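1. please work out how this folds:
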Amino acid sequence: MTDHDARRRLLADEDDTEDLDAVDTPDAQSSRAPDYTETSDVDYKIATAFAIMGAAMLWPFNAFITANEFFGRMFRDNAQILQIYSLSITSVFTVTNLMSTVYFTRTVRKADLNARVSSAALSTTALLALLAVLTTASLKAVAYFVILLTIVATVGITTGGLQNGCFGLVGAYGPRYVQFIFIGQGIAGVTPALLSIAVALIDRDPAKSANRRAFAYFLSSSLVLASSYFAHLYLKSRLDQDSTPALSDDSDKEPELSRYKKFLRSYHSWTIFLIFVVTLSIFPSITASVTSVRDGKSAPKWLQPAVYIPLGFLLWNTGDLLGRIISALPAVTIEDPRLLFTASVLRILWIPMVYLCNVRGHGAILKSDAFFLVFMLLFGTSNGFVSSLTFAAAIKQARDDEKRDIGAFMTFMLCSGLVVGSILSFVF
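-> Okay, the predicted model is just below:
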């Protein structure tokens, strides 16, 4: 064989080797990180995990709201605390939640989101379990008030960490999974309201009933938060965030301040802000004061305040859940940011509409209980539908290197809307 033939044979062997290396073997396929951001079918195990984490974000706050009757009984001997406890709980939670969200948003690019979610879930689990235990304790009103607000403030902070971490991580899996977070949040609203109505209808001892309900709210919240910890462990096992392009930390591409200024100019940011400003300005502060147009003594039990008010909560949360589920259907997907912003502006009309009902017993312009109940259902549906679509569109339309940041920033705008809405509720 000549030297020329030998060199030609060697080059042919190298070409064959390169061809073999290019073959996509089963081992190579199994070792490759899955790209969840592509338009593939929904993995319902991943979807369920995100739904559990979504429920964990809202369940504690809904438990605080739903346990209103129990807190009223705890503070009945102190007139000053009795007057301010409800607004104090809402204000302390929303303010600490916003403050923590600001911090978590500023640090999201350098943070270990897995550690952030895990620590937040475990901390909140312990705090809610403590609240459940305290429902069986006998404490002075002032002591319980201080302990309660301390726990509420801490839960506001840990919830901020859970929200920030979860919405940061979901970018790695694609916008389709955002709706499942919101569906979980909707479930977190419906379940406590259902529990409250069931106990009110079957329990004949109001004092013990309030304690039992509060214990159930806080214990269930603790269990949901514990479940979210394990749901996150499952997600972590499915995806190594450090090797995923959707969560890459390309901080040299664009300065952080410039990036957030761009987000602030987007329709999506102000859409989500306005949605929750409108919602919190009348729900639950104003809607919880609406009573039946029929006289309390002659009205059936379901129209009496002990059932009628939780029924309004249930319908709002049912509508909210329904809106989130509908938003996940491809046939009704809306991604145009201007259209979504217009929808959020139109929701302002809900504010004057609630005053057609029997607010604070001042009489109703439309003397119909059915109107209020339908109002609550549709009001909730619009909240869940538009907010879910907005979050999903924001993450989908972001660049891969922005997905972690946009999820965190949208959470910040959501919390800002909650705070502004809570402040406006004092005006309305």
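2. please point out which parts of stretch 124-132 sit buried.
-> Neighbour-count burial for stretch 124-132 flags Thr124, Thr125, Leu127, Leu128, Ala129, Leu131, Ala132 (criterion: 16 or more other CB atoms under 10 Å). No exception for glycine: its C-beta is placed from N, CA and C like everyone else's.
3. what do you get for stretch 383-396?
-> In stretch 383-396, counting by 16+ other CB under 10 Å, buried: 383-396.
4. tell me the one of these nearest Ala188?
-> Each of these was scored against Ala188 by CB to CB, and Gly384 proved nearest at 11.9 Å.
5. once you drop chain neighbours, what's closest to the closest one?
-> Counting by CB to CB, 6 or more residues apart in numbering, Gly323 is the residue found nearest to Gly384 once chain neighbours are left out, at 2.9 Å.
6. related to what we said a few turns ago, including pLDDT, could the buried residues of stretch 383-396 go into CSV?
-> Shown next, in CSV, are the buried residues of stretch 383-396 (pLDDT from 0 to 100):
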residue, pLDDT
Asn383, 96
Gly384, 93
Phe385, 96
Val386, 96
Ser387, 94
Ser388, 91
Leu389, 94
Thr390, 94
Phe391, 88
Ala392, 87
Ala393, 91
Ala394, 90
Ile395, 83
Lys396, 85
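7. what mean pLDDT does stretch 177-193 have?
-> The predicted model assigns stretch 177-193 a mean pLDDT of 85.
8. chain center to that stretch, what's the gap?
-> Distance of stretch 177-193 from its chain centroid, counting by CA atoms, centre = their mean, to the nearest Å, is 7 Å.
9. over to stretch 167-184?
-> Here stretch 167-184 is found 11 Å from its chain centre; the criterion is CA atoms, centre = their mean.
10. isn't there a helix covering Ile151?
-> Yes. Residue assignment for Ile151, taken from DSSP: H, G, I helix; E, B strand; the rest coil, places it within a helix.
11. contacting residues around it?
-> When contacts are counted by CB atoms under 8 Å, 6 or more residues apart in numbering, Ile151 is found next to Leu127, Leu130, Leu131.
12. closest to Ser227 among these?
-> Ser227 has its nearest neighbour among these in Leu127, at 15.7 Å by CB to CB.
13. tabulate the CA atom coordinates of the helix or strand harbouring the closest one in PDB.
-> In this structure, Leu127 is located in helix 113-134 according to DSSP states H and E. Taking C-alpha atoms only, helix 113-134 is exported to PDB below (Å, rounded to 0.1, in the frame of the first residue of the first chain):
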ATOM      1  CA  LEU A 113     -34.000  29.700  43.500                       C
ATOM      2  CA  ASN A 114     -34.200  26.100  44.700                       C
ATOM      3  CA  ALA A 115     -32.900  27.000  48.100                       C
ATOM      4  CA  ARG A 116     -35.200  30.100  48.200                       C
ATOM      5  CA  VAL A 117     -38.300  28.000  47.500                       C
ATOM      6  CA  SER A 118     -37.300  25.200  49.900                       C
ATOM      7  CA  SER A 119     -36.600  27.500  52.900                       C
ATOM      8  CA  ALA A 120     -39.700  29.500  52.300                       C
ATOM      9  CA  ALA A 121     -42.000  26.400  52.100                       C
ATOM     10  CA  LEU A 122     -40.500  24.900  55.300                       C
ATOM     11  CA  SER A 123     -40.600  28.100  57.300                       C
ATOM     12  CA  THR A 124     -44.200  28.800  56.400                       C
ATOM     13  CA  THR A 125     -45.200  25.200  57.200                       C
ATOM     14  CA  ALA A 126     -43.800  25.600  60.700                       C
ATOM     15  CA  LEU A 127     -45.500  29.000  61.300                       C
ATOM     16  CA  LEU A 128     -48.900  27.900  60.200                       C
ATOM     17  CA  ALA A 129     -48.700  24.800  62.300                       C
ATOM     18  CA  LEU A 130     -47.900  27.100  65.300                       C
ATOM     19  CA  LEU A 131     -51.000  29.100  64.500                       C
ATOM     20  CA  ALA A 132     -53.100  25.900  64.400                       C
ATOM     21  CA  VAL A 133     -51.800  25.000  67.900                       C
ATOM     22  CA  LEU A 134     -52.500  28.500  69.200                       C
END
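14. so which residues make contact with it?
-> Contact partners of helix 113-134, identified using CB under 8 Å, 6+ apart, comprise 53, 56, 60, 63, 104, 144, 147-148, 151, 154-155, 158-162, 164-166, 168-169, 215, 218-219, 221-222, 225-226, 228-229, 232-233, 236, 241, 247, 404.
15. and the helix or strand containing Phe426, average pLDDT?
-> Taking DSSP H and E as the criterion, Phe426 maps to helix 403-427. Across helix 403-427, the average pLDDT comes to 85.
16. buried sites along it?
-> Residues of helix 403-427 classed as buried by neighbour count (16+ other CB under 10 Å): 403-422, 424-425.
17. for Ala288, list the residues it contacts.
-> Contact criterion CB under 8 Å, 6+ apart gives Asn68, Ile309, Gly312, Phe313 as the residues in contact with Ala288.
18. distance of the last one from Asp43?
-> Phe313 sits at a distance of 33 Å from Asp43 (criterion: CB to CB, to the nearest Å).
19. between these two, who's got more neighbours?
-> Here Phe313 and Asp43 are compared on neighbour count by other CB atoms under 10 Å; more neighbours surround Phe313, at 25 against 15.
20. does that one really touch Ser196, like I thought?
-> Yes. Counting by CB atoms under 8 Å, Ser196 is a contact partner of Phe313 at 7.5 Å.
21. overlap of the contact sets of these two?
-> The contact lists of Phe313 and Ser196 share Thr66, where a contact means CB under 8 Å, 6+ apart.
22. in which helix or strand would I find Lys110?
-> Using DSSP H and E, Lys110 falls within no helix or strand.
23. show the backbone phi and psi for it.
-> As for Lys110, its main-chain torsions (degrees, to the nearest 10) stand at phi -100, psi 0.
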